[in-house]
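1. pasting the structure only:
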């Protein structure tokens, strides 16, 4: 087996030396996504719910480019600038995993790329 770079034209391009995702066999490792809106290039940070929704939209586009969907996600990591926003982030996040949600950890961090409030990465398996 060899690794394959996965790239979605519908998700923001990486902001550093990394791939949007790597597919290895039947596993897809998706890099942390922030709330950059691909169509405008704008960063959504004024409202935590809208920011989280954009993050999840970006993850979904990359999953689809890798031949997968949210139902294939087995593990996520949520990075939050403020754990106080967890209930609102969790509510939006939960809309994407209504049946058999993946394993997950949520971590408060002091700073995220571009000073966003939330970043999410995931691993999917099919």
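-> On my side now, so go ahead. On a predicted model such as this, the values are computed, not experimentally measured, just so you know.
2. and the pLDDT for the residue nearest to residue 41 when sequence neighbours are not counted?
-> Distances taken as CB to CB, 6 or more residues apart in numbering place residue 12 nearest to residue 41, at 7.9 Å, with adjacent residues excluded. In this view, the C-beta of every residue, glycine as well, is placed from N, C-alpha and C. Residue 12 carries a pLDDT value of 96.
3. does residue 12 count as helix, strand or coil?
-> Three-state assignment for residue 12 (DSSP: H, G, I helix; E, B strand; the rest coil): coil.
4. wait, it sits on residue 39?
-> No. The pair residue 12 / residue 39 is not scored as a contact, 10.0 Å apart, by CB atoms under 8 Å.
5. ranges for the helices of this protein?
-> Secondary structure of the chain (DSSP state H): helices at 48-65, 86-95.
6. tell me which of those helices sits most buried.
-> Counting by mean count of other CB atoms under 10 Å, helix 48-65 has the highest mean neighbour count of the helices of the chain, with a mean of 21.
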